[in-house]
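**Q** Provided below for reference: sequence and predicted model.
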Amino acid sequence: MKTSFTLNGQAASLDLDPRTTLLDALRENLGLKGSKKGCDHGQCGACTVLVNGQRINACLSLAVTHEGDEITTIEGLAQGEALHPVQAAFLEQDAFQCGYCTPGQICSTVGMLKEAADGWASLVTEDLTADTVLTDAEIRERMSGNLCRCSAYPQILAAIRSAGGVA
Amino acid sequence: MSSVKDWAAPTPISENRSGLIGKGVDRYEGRLKVTGTAPFAYEVEAPSPPAYGVLIASPIAKGVVSSADISAAQAAPGVRLVWTPHNVPAQGERGAKINPRSQRGSNPALAAKIEHFGQHVGFVVADTLENAKAAAALVRFDYAAEPADLIFEDNLDAADQPEGEEDVRIGDFEAAFAGAPVRLDETYVSPLQNHAQMEPCATTAWWDGDNVTVHTSIQMVKGGQHTLAETLMIPSTQVRLLTRYIGGGFGGKGQSYDDLTLAALAARELGQPVKVAYTRQQMFQATIHRPAVHMRVRLGAQPDGRLDAFALEAVTHCRREAPFTEHAANFARSLYAAPNRLTGHRLVKLDIPAAGAMRAPGEASGMLSLECAMDELAEQLGLDPIALRLRNEPETDPETGKPFSTRQLVRCMTEGAQRFGWDRRNPKPGQVRDGRWLVGLGMAAAIRGNFLLPAKAGVRIDADGTITLRQGMTDIGTGTYTILAQITAETLGVPLAQVKVELGDSDFPPAPGSGGQFGAATAGSAAFAAGMNLRKALAELAIGDPNSPLYGDDPELVTFGGGNIAVDNRAEPLDQLVARAAPDGVYVEGSITPAADARDYSQHTYGAHFAEVGVDPDTGEVRLRRMFGVFAAGRILNAKTAMSQITGGMIWGVGTALHEYNEVDPRYGSFIAQDLAGYHVPAHADIVNLSAMFLDEVDDKANPMGIKGVGELGIAGAGAAIANAVYNACGARIRNYPLTPEKVLAALP
């Protein structure tokens, strides 16, 4: 089944088995292996990518449903040698250990910062009428869909704070 | 063999002239990881496009595969191969060459005899993952099931002394306990837990003639290489095993699994690269787990708190054919003074997946018991929990009488108490409220053994000055790449950017791998030795070269620093020397072996955990409010990566105390939780205000660099600190971990 979308700013066209998830299409058909498969069930967040600017679990989405979408993966964040500010903050704060959940954490952070900037509330938002302020509690809540078994959460929090959140 | 006395002399590491040792430099491979370009085993580029393997699991716990119908699967689109117990290629017996303990019971892949639910009974390879998965669903198996022993609690009466293990008795425990004026006798239960590494086990394999190359996710390079060679019935020299990036191990990848065996066998059969990954469900059902442990603690004390009698007896379980003891009592042999002591283990054999090592095996379970019991005894005695521990602080190892190499447990507790604000703790439970939350503080001690194993490392310098360290070692997220770069750069007096580190290749000088928090000390000491040998080789090169400003100098006077080799004010850059005098580069190896007298000392790492929790008395929910730990673990090589290791361990302790457990379904022998929705590992929102610090320490009895491990210390005792805080908050003493809301509600006074 033919599918076309924009991938990290480039046009991508595929002829795919319709059963192929977006995650497997990225990893196995398009050679972009930065998005990780941790559970294949949308439970761990390691496969998080940005579709039209919003974070999704690529393992829960069939690739052929993304006709015409703009997809950004971990490989699309850096500008050449210059890391995306979130990537640089993760490196600086040691916000990972084994690195397997890291691309998902970073893509999720980028998506989360935009959600907050757009005024989206979370479960812990106290005043739904006020501007969204990314407190530590907000960051923790909004990032809880991305598991890190190495448990780099304190360092991830520090990285996100330095890359766009507030203390 | 060396002596620990050889390790006390000043070295480039202890002198630390560039200041690289201890510095929190960024992870060596960090840029690859934040850009998603570090290739994990399933992502490695094979020489030609790979086929995809998918595993099929047994739905019964015990019995045999009586028949298999593969016709529909074989006829399915894209299928290259379908294997069952009846047509899988012959495999050699494993375990002769490698550590028999760690691989015992590692059966051939796709054996007809079923020993646990989830054991793999079928394997399908197809051109795409989608086709392989679809075909796997078409294979039909018939089983002859047999009765199975599945439930630990139902089989406690069958517990036996593990083979080759004796109880340790000092003095007369029974008499001393009977005569003690203050007694505690309680049983604590730690649950079965799963590693839940983020990266599932995976292998990419291909053949070139008689030689096989495998990229796999494994903590032990040599163990994996030898196991596969035995399985394939070929010499180890024909197996090249690579494991450059590993998405978490925690002990669960200390051995190889069916992905490695079947990828290699299928790649040979098909003449094409094959890759295989476990599903998340297979990670739960077909790897290893931390077994549940029942721990009876008996403490007999004087009214002033001094222990006369101490016993910790642990009953745990393993797979029937794969003996493994969770040594939950061992840590206690070196922790508190008491003249009369009893420690030992009993083992129940079950027909469930194999038990095995998981981060801090022994301590992680065991300290949940004793560190809670000490809290309970302190309350009985009207003593502060820290005061009780101080009263039982031994001067020498309480079991063996050996001197401690270093022991800063007291300072960990006192420093931690001060920084945490322990004096604000109300010893009476249930007295502090914050809105709807009952708030409490708890603490626990931490101890974890320190080990050094034999290892080698190779280091070369090329004509451009690049120094490359090579070692058959692994980095499972622990920071191995980074600390080896720091050690090598500091030893040779060059900037960090001049050093490359290459790991995870069976062609490299062997190291034991990652486990038991011995990695940094073991691999690092070998790297240090290799660096020192390279210094010697370069000094000889310069002194023997008429064109060197050091020509004819005394080798004893040669120094290294700033990228130069020098004697007094005569110096030249290393790259200039090598380019001129050894244009093909210089390669040397170094090795470390444990010192003959190292075990004359009781060697451990220590710490103290402090936790503040809130308990909701209406729902039983427990929330962490803050947690702080103080640790003493020898010289710290990298402030940043060591801190990440320690806080990661503490967070495992939070999971242990509050969330993590698995249970066996009595109908099938499967684990009830078999994915990351059912098995709750700590998530970001669970972890609030958690931090740690290290005390200054150098342990010159541990290894030539005075370092120790930090990978497992953080979890030891951490869960008990939280359980003690829960008691202090609300008066609910729960001895059956984890402290889930229904248990808290039931235990509220």
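**A** That came through, no problem. Residues are numbered from 1 along each chain as shown, chains lettered A, B, ... in the order given.
**Q** residue B:484 is in what secondary structure piece?
**A** helix B:480-492 (DSSP states H and E).
**Q** what does the next helix or strand after that helix rub up against?
**A** Per DSSP H and E, the first helix or strand lying C-terminal to helix B:480-492 is strand B:499-503. Residues outside strand B:499-503 that contact it (C-beta atoms under 8 Å, 6 or more residues apart in numbering or on different chains): B:28, B:244, B:466-475, B:480-481, B:484-485, B:488-489, B:492, B:508. Quick note: C-beta positions are derived from backbone N, CA and C, even for glycine.
**Q** for the helix holding residue B:484, which helices and strands make contact with it?
**A** Helix B:480-492 sits against helix B:12-15, strand B:455-461, strand B:467-471, strand B:499-503, helix B:519-543, with contacts defined as 3 or more C-beta pairs under 8 Å, 6 or more residues apart in numbering or on different chains; DSSP states H and E.
**Q** out of these, the one nearest residue B:327 is which?
**A** If you check each of those against residue B:327 by C-beta to C-beta, helix B:519-543 wins as the nearest, at 19.5 Å.
**Q** what's the angle from the closest one to strand B:499-503?
**A** 130 degrees (axes from the mean of the first three to the mean of the last three C-alpha atoms, to 10 degrees).
**Q** quick check: mean pLDDT across helix B:519-543?
**A** Taken as a whole, helix B:519-543 has a mean pLDDT of 97.
**Q** buried sites along the helix or strand following it?
**A** Where DSSP H and E defines the elements, the next helix or strand beyond helix B:519-543 is strand B:559-561. Along strand B:559-561, these residues count as buried under the neighbour rule (16 or more other C-beta atoms under 10 Å in any protein chain shown): B:559, B:560, B:561.
**Q** re the thing from before, any chance of the helices and strands packed on helix B:480-492 in JSON lines with mean neighbour count as columns?
**A** Output for the helices and strands packed on helix B:480-492, formatted as JSON lines (neighbours: other C-beta atoms under 10 Å in any protein chain shown):
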{"stretch": "helix B:12-15", "mean neighbour count": "19"}
{"stretch": "strand B:455-461", "mean neighbour count": "25"}
{"stretch": "strand B:467-471", "mean neighbour count": "25"}
{"stretch": "strand B:499-503", "mean neighbour count": "22"}
{"stretch": "helix B:519-543", "mean neighbour count": "24"}
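**Q** would a markdown table of the ones you listed with distance to residue A:131 be doable?
**A** Converted to a markdown table, those look like this (distance: least, C-beta to C-beta, whole Å):
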| stretch | distance to residue A:131 |
| --- | --- |
| helix B:12-15 | 52 |
| strand B:455-461 | 55 |
| strand B:467-471 | 51 |
| strand B:499-503 | 46 |
| helix B:519-543 | 46 |
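**Q** and these: which comes nearest residue B:71?
**A** Of all the helices and strands packed on helix B:480-492, strand B:499-503 comes closest under C-beta to C-beta, at 45.5 Å.
**Q** residues in contact with the nearest residue to residue B:42 once chain neighbours are set aside?
**A** Leaving aside its sequence neighbours, residue B:42 sits nearest to residue B:202 (C-beta to C-beta, 6 or more residues apart in numbering or on different chains; 3.9 Å). Applying C-beta under 8 Å, 6+ apart, we find residue B:202 in contact with B:40, B:41, B:42, B:216, B:217, B:259, B:275, B:276, B:277, B:278.
**Q** of those, which belong to strands?
**A** B:216, B:275, B:276, B:277 (DSSP state E).
**Q** measure the second one to chain A for me?
**A** Counting by C-beta to the nearest C-beta, to the nearest Å, the gap from residue B:275 to chain A is 10 Å.
**Q** gap between the most centrally placed residue in chain A and chain B?
**A** For chain A, the residue nearest the mean C-alpha position is residue A:107 (2.4 Å; C-alpha atoms, centre = their mean). According to C-beta to the nearest C-beta, residue A:107 stands 9 Å off from chain B.
**Q** are we agreed that that residue is in a helix?
**A** Yes: under DSSP: H, G, I helix; E, B strand; the rest coil, residue A:107 sits within a helix.
**Q** residue contacts, it?
**A** Contacts of residue A:107 (C-beta under 8 Å, 6+ apart): A:35, A:48, A:49, A:50, A:55, A:72, A:73, A:74, A:77.
**Q** tell me the bridge partners for the residue nearest to residue B:42.
**A** residue B:277 (DSSP bridges).
**Q** and the closest residue to residue B:86 other than its chain neighbours, what are its bridge partners?
**A** Nearest residue to residue B:86, sequence neighbours excluded (C-beta to C-beta, 6+ apart): residue B:68, at 5.8 Å. Beta-bridge partners recorded for residue B:68 (DSSP bridges): residue B:141.
**Q** how about the residue in the stretch 101-250 of chain B that chain A sits nearest to, secondary structure?
**A** Residue nearest to chain A within the stretch 101-250 of chain B: residue B:247 (3.0 Å; C-beta to the nearest C-beta). Secondary structure, three-state DSSP: residue B:247 is coil.
**Q** may I have the phi/psi pair for it?
**A** phi -80, psi 60 (degrees, to the nearest 10).
**Q** let me see the confidence value for it.
**A** So residue B:247 comes in at 98 (pLDDT).
**Q** residue B:104 now?
**A** 48.
**Q** again, but for residue B:9
**A** At residue B:9, pLDDT is 87.
**Q** how about residue B:243?
**A** For residue B:243, the model assigns a pLDDT of 98.
**Q** I figured it hits residue B:222, correct?
**A** No: between residue B:243 and residue B:222 there is no contact under C-beta atoms under 8 Å: 11.0 Å.
**Q** the more surrounded of the two?
**A** residue B:243 (31 against 18; other C-beta atoms under 10 Å in any protein chain shown).
**Q** any figure for the gap between the more buried one and residue B:500?
**A** Using C-beta to C-beta, to the nearest Å, one gets 18 Å for the distance from residue B:243 to residue B:500.
**Q** same check on residue B:678?
**A** For residue B:678, the distance to residue B:500 - C-beta to C-beta - is 43 Å.
**Q** the residue of the stretch 451-600 of chain B found nearest chain A: how many residues sit nearby?
**A** Distances between the stretch 451-600 of chain B and chain A by C-beta to the nearest C-beta are smallest at residue B:477, namely 3.1 Å. Residue B:477: 32 surrounding residues under other C-beta under 10 Å.
**Q** show the contacting residues for it.
**A** Residue B:477 touches A:96, A:97, A:98, A:99, A:150, B:246, B:247, B:248, B:249, counting by C-beta under 8 Å, 6+ apart.
**Q** what do you get if the cut-off is 7 Å, keeping everything else the same?
**A** Counting by C-beta atoms under 7 Å, 6 or more residues apart in numbering or on different chains, residue B:477 makes contact with A:97, A:98, A:99, A:150, B:248.
**Q** what's the closest non-adjacent residue to the last one?
**A** Take residue B:248 and drop its neighbours on the chain: the residue closest to it by C-beta to C-beta, 6+ apart is residue B:197, 3.3 Å away.
**Q** thought that neighbour was touching residue B:250?
**A** Yes: assessed by C-beta atoms under 7 Å, residue B:197 is found in contact with residue B:250 at 6.1 Å.
**Q** the more surrounded of these two?
**A** residue B:250 (28 against 25).
**Q** can I take it that that one is in a helix?
**A** No: counting by three-state DSSP, residue B:250 is located in no helix; its state is coil.
**Q** from residue B:548, how far off is it?
**A** From residue B:250 to residue B:548 the distance is 49 Å (C-beta to C-beta).
**Q** taking the stretch 1-150 of chain B, what residue is nearest to chain A?
**A** Counting by C-beta to the nearest C-beta, the stretch 1-150 of chain B gets nearest chain A through residue B:36, at 2.1 Å.
**Q** secondary structure class for that residue?
**A** Quick answer, by three-state DSSP: residue B:36 is coil.
**Q** can you report phi and psi for it?
**A** The phi/psi pair for residue B:36 (degrees, to the nearest 10) is phi 70, psi 20.
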